[in-house]
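Trainee: The amino acid sequence is not available; the structure is as follows:
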């Protein structure tokens, strides 16, 4: 069984080299299936791994490979991958075209399945039967292609909120695909949600989806609006996709401002109500300056959906997965702005378009 | 029953006003005792509440009160206390000179006890019997004066380390009274400890106490030494008393550097090993810039011993308290650099000396 697959290599001379390679998959083992990948989304995390901040404007094509220089400042971050031809593509969906002799594998034969096993920018993947999930009847590969990263992340925000004793959320870069999903999810679950966007036009977009609290961080009235929205919702937990700049500190300061109102006596330690911001993205790669003007009951942390799922536990994850599948074409539907072929990932202009997508836009690699 | 007690008021025109007031304690209720305060330490937290960043160099004495201006930038932080005459003094020890009729209260009659009930900068305090703790036989009030803040904080570092799954600690501003206690405690408990100090002389001090890893953050070789010490100890948890400046980010970066070494495959998410810094002090009030160059398995948070004790639970707290009392004159002994009378807290020069103590120095208010 032969497949074509994308590989990304960081060379010793600090260039990213993207190639399509032939992979001999062999026959599936008893508990394995071979999936023909029919659809795989280009997520921000895929671009980050694939390109490692390479400068596409200086990319060239050599012997069918796309080669682009990585800025010196970024090389250190990716030192651990030098010389390795890494597979790319977190998630995707397709059809099981060969199955091993085991019962679980055989049951999947011919089915349309989703997988988040990595390496999905390929024509075919050999995977353990346990690593793929059959889509509900009538769902296409395109329906199921983005059924892990965004849906599970959005659901994990709400599950984490409950597990950690909060009752409402703040979300930044809220006009993203994930943010739009979260608006629908919070409305359905009656979770109060404060959406923070960065442009006036995005306010309209989210209001159209039914969002109640939408704040534009570029507005001069933002700080006051943030306090008012946090007061109205009781949000003491935020998920931030931006990372750099003053916003994380501003959110904690606003939360402290609100929670301090319910203190019955002054304390120089500030409000004892726990306030937390999780940073799950890095749209702004500059540092996060914490002003520490928000008492002592605060936390800021990195957030990765797979770490969060591990903390939430097997049972919660099963419940979440089940919900994603039941609402795949409604709550968790993903809109794509372009469909490209696998080989086009080696085309500089197409790849630049994938990498430059505005908030809420996404490309799909079609088999 | 009459007492004299210190009060600190932030006036509407942004001045701190320190006074000694007469307080009528009344008779103790059945479950109450009256403690004559014989010794109370001037902790950094007490200075912070008492002075609210007031500029002592511009202090004046008016009608027996010490009055000092609070800088405009600090007023907002303390807005919640304007006009309130706050009692000061987190902890102290003394003698029970009157007791209520209840069994618990009567049993304390005449005993030397410690309390961390606040308002200990006073000649006498009326307290619930449950809020005081009898000192071991032979211990003086001075032995027990500092038996809560520093001992329980140092112990809580180790308990938190265990509860959160870490196995070694980093401590900054490690030459402090608390830091010296932590060195002794970690040696006794075989907890590997990385001490970070800010001056070469402090390295010697801690080495004399038996500390193995002592790093001077002002040394040009600090970054490399930090990585080496973290590698040698396996520390993935730090307690930081400084707050502002690059150190928190440097510690997380060094931890990531070390934990990434044991990764078997490259991940653009960084090392999955959890890394945490708790900020429990603010020797540097400037912001904490987080470079976010340490993967996604990291957290930074505010830390207050009372919040930590609540998380650790009743049983752990009882065990910790018991240990403090058993090792009061050894592990948890506090050295004082000066002893002052209660009234001297209204003397500008004495108060300035208390507030300006170098790392590891502390004053004691004697009854």
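Mentor: On my side now, so go ahead. These figures come from a predicted structure and were not determined experimentally.
Trainee: Residue A:4 sits in which helix or strand?
Mentor: Taking DSSP states H and E as the definition, residue A:4 sits inside strand A:2-10.
Trainee: Now stretch A:79-88: buried residues?
Mentor: Neighbour counts over stretch A:79-88 (16 or more other Cβ atoms under 10 Å in any protein chain shown) mark A:80-81, A:86-88 as buried. Bear in mind the C-beta positions are built from the backbone N, C-alpha and C, glycine included.
Trainee: That one near chain B anywhere?
Mentor: Yes: Stretch A:79-88 reaches chain B (Cβ under 8 Å from any Cβ of the partner chain) through A:80-81, A:84, A:86.
Trainee: give me the number of residues near the closest residue to residue A:288 other than its chain neighbours?
Mentor: Excluding its sequence neighbours, the residue lying closest to residue A:288 (Cβ to Cβ, 6 or more residues apart in numbering or on different chains) is residue B:290, at 4.3 Å. As a burial measure, residue B:290 scores 25 neighbours (other Cβ atoms under 10 Å in any protein chain shown).
Trainee: got a list of what residue B:290 touches?
Mentor: Residue B:290 is in contact with A:287-290, A:300, B:248-249, B:252, B:300, counting by Cβ atoms under 8 Å, 6 or more residues apart in numbering or on different chains.
Trainee: from the residues of stretch A:79-88 next to chain B, which is closest to residue B:149?
Mentor: Residue B:149 has its nearest neighbour among these in residue A:80, at 43.1 Å by Cβ to Cβ.
Trainee: ok, now which ones touch the closest residue to that closest one other than its chain neighbours?
Mentor: Of all residues not flanking residue A:80 in the chain, residue B:266 sits nearest, at 4.4 Å (Cβ to Cβ, 6+ apart). Residues counted as contacts of residue B:266 (Cβ under 8 Å, 6+ apart) are A:80-81, A:84, A:86.
Trainee: Could you verify my assumption that residue A:91 touches residue A:149?
Mentor: Yes: contact status for residue A:91 versus residue A:149: in contact at 5.6 Å, counting by Cβ atoms under 8 Å.
Trainee: Looks like residue A:252 contacts residue A:279 (just checking).
Mentor: No: counting by Cβ under 8 Å, residue A:252 stays clear of residue A:279, with 12.0 Å between them.
Trainee: overlap in contacts of those two?
Mentor: With Cβ under 8 Å, 6+ apart as the test, residue A:252 and residue A:279 both reach residue A:300.
Trainee: From chain B, how far out is residue A:115?
Mentor: The gap separating residue A:115 from chain B is 18 Å, by Cβ to the nearest Cβ, to the nearest Å.
Trainee: Can you list phi and psi of the closest residue to that residue other than its chain neighbours for me?
Mentor: Excluding the flanking residues, the one nearest residue A:115 by Cβ to Cβ, 6+ apart is residue A:132, at 4.6 Å. Torsion angles at residue A:132 (phi, psi; degrees, to the nearest 10) stand at phi -120, psi 160.
Trainee: ok, now which ones touch residue A:132?
Mentor: Going by Cβ under 8 Å, 6+ apart, residue A:132 touches A:33, A:35, A:96, A:108, A:113-115, A:117.
Trainee: For it, report the pLDDT, please.
Mentor: With respect to pLDDT, residue A:132 scores 97.
Trainee: Quick check: it vs residue B:166, distance?
Mentor: From residue A:132 across to residue B:166, the span is 37 Å (Cβ to Cβ, to the nearest Å).
Trainee: so what's the nearest residue to residue A:150 once chain neighbours are set aside up against?
Mentor: Nearest residue to residue A:150, sequence neighbours excluded (Cβ to Cβ, 6+ apart): residue A:178, at 4.7 Å. Contact analysis of residue A:178 by Cβ under 8 Å, 6+ apart lists A:150, A:153-154, A:241.
Trainee: Now the closest residue to residue A:101 other than its chain neighbours. Its backbone dihedrals?
Mentor: Leaving aside its chain neighbours, residue A:101 sits nearest to residue A:30 (4.8 Å; criterion: Cβ to Cβ, 6+ apart). Phi and psi for residue A:30, reported as degrees, to the nearest 10, are phi -50, psi -40.
Trainee: Residue A:30 and chain B: what is the separation?
Mentor: According to Cβ to the nearest Cβ, residue A:30 stands 25 Å off from chain B.
Trainee: Look up the pLDDT of that residue for me, please.
Mentor: So residue A:30 comes in at 98 (pLDDT).
Trainee: ok, it touching residue A:99?
Mentor: No: counting by Cβ under 8 Å, residue A:30 stays clear of residue A:99, with 9.5 Å between them.
Trainee: what's the overlap in contacts for these two?
Mentor: Common neighbours of residue A:30 and residue A:99 (Cβ under 8 Å, 6+ apart) are residue A:105.
Trainee: Is the residue of chain A positioned farthest from its centre within a helix or a strand, and which one?
Mentor: Residue distances from the centre of chain A (Cα atoms, centre = their mean) peak at residue A:265, which lies 42.1 Å from the mean C-alpha position. If you go by DSSP H and E, residue A:265 is not part of any helix or strand.
Trainee: Using neighbour counts, pick out the buried residues of stretch A:307-317.
Mentor: Buried, per 16+ other Cβ under 10 Å, within stretch A:307-317: A:307-309, A:312, A:316-317.
Trainee: And the strands in the stretch 251-367 of chain A?
Mentor: Listed in chain order, the strands of the stretch 251-367 of chain A (DSSP state E, counting those that start in this stretch) span A:275-279, A:288-290, A:298-302, A:338-341, A:363-366.
Trainee: tell me the contacts of the residue of the stretch 101-250 of chain A found nearest chain B?
Mentor: Relative to chain B, the nearest point of the stretch 101-250 of chain A is residue A:243 (5.9 Å; Cβ to the nearest Cβ). Taking Cβ under 8 Å, 6+ apart, we find residue A:243 in contact with A:279, A:281-285, A:288, B:292.
Trainee: Ramachandran coordinates for it?
Mentor: Phi and psi for residue A:243, reported as degrees, to the nearest 10, are phi 90, psi -70.
Trainee: List the buried residues in stretch A:134-142.
Mentor: So stretch A:134-142, judged by 16+ other Cβ under 10 Å, has buried residues A:135, A:139, A:141-142.
Trainee: Just checking: what are the partner strands of whatever helix or strand residue A:22 lives in?
Mentor: Counting by DSSP H and E, the element that carries residue A:22 is strand A:15-24. Applying DSSP bridges, strand A:15-24 is found paired with strand A:2-10 (antiparallel), strand A:65-69 (antiparallel).
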